[in-house]
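[1] fold the following.
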Amino acid sequence: MNNLPISFWRSVIIIVLVALVTLATRAIPFVLFPEGKKIPKAVEYLGKVLPPAVIGMLVVYCFKSVNVLSSPFGLPELIAGLTVVVLHIWKRNNLLSIGAGTIIYMILVQTVFA
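    Below you'll find the predicted structure:
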């Protein structure tokens, strides 16, 4: 055990801490609001409005630096964005739509519009 470098143990400690924090963030809602306990209206409201707000913020972040006045005129971003929208409307699967949009964007910027 003493033969392992300090960086190994540092990595192990970081992984364990990240796992514990992730577990805690997943478990806290069940501890605070056990089944049968009334959920406060403020928490219900936040649960309803935050997901669309976060997605909207991500969309703004993704398109904030697109330059439509010079080549490629924002076409990779537009095509990838439309791919995400169409796939999400069609399949209602966040992972599929965001993953496919990311892959399409990377292909476009590295090959088609390179």
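
[2] longest helix anywhere in the chain?
    Ranked by residue count, the top helix of the chain under DSSP state H comes out as helix 6-32.

[3] and that one, what's its mean pLDDT?
    Across helix 6-32, the average pLDDT comes to 94.

[4] give the next helix or strand downstream of it.
    helix 41-63 (DSSP states H and E).

[5] export that following helix to PDB, keeping only CA atoms.
    What follows is helix 41-63, C-alpha atoms only, in PDB (Å, rounded to 0.1, in the frame of the first residue of the first chain):
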ATOM      1  CA  LYS A  41     -45.800  25.000  -3.200                       C
ATOM      2  CA  ALA A  42     -42.500  26.800  -3.800                       C
ATOM      3  CA  VAL A  43     -40.600  23.600  -4.400                       C
ATOM      4  CA  GLU A  44     -43.400  22.400  -6.800                       C
ATOM      5  CA  TYR A  45     -43.300  25.700  -8.600                       C
ATOM      6  CA  LEU A  46     -39.500  25.500  -9.000                       C
ATOM      7  CA  GLY A  47     -39.700  21.900 -10.200                       C
ATOM      8  CA  LYS A  48     -42.100  23.100 -12.900                       C
ATOM      9  CA  VAL A  49     -40.300  26.300 -14.100                       C
ATOM     10  CA  LEU A  50     -36.600  25.500 -13.700                       C
ATOM     11  CA  PRO A  51     -36.200  22.800 -16.300                       C
ATOM     12  CA  PRO A  52     -37.400  25.000 -19.200                       C
ATOM     13  CA  ALA A  53     -35.500  27.900 -17.800                       C
ATOM     14  CA  VAL A  54     -32.300  25.900 -17.700                       C
ATOM     15  CA  ILE A  55     -32.800  24.700 -21.300                       C
ATOM     16  CA  GLY A  56     -33.500  28.200 -22.500                       C
ATOM     17  CA  MET A  57     -30.300  29.400 -20.800                       C
ATOM     18  CA  LEU A  58     -28.300  26.700 -22.500                       C
ATOM     19  CA  VAL A  59     -29.800  27.600 -25.900                       C
ATOM     20  CA  VAL A  60     -28.800  31.200 -25.400                       C
ATOM     21  CA  TYR A  61     -25.300  30.100 -24.300                       C
ATOM     22  CA  CYS A  62     -24.900  27.900 -27.400                       C
ATOM     23  CA  PHE A  63     -25.900  30.600 -29.900                       C
END
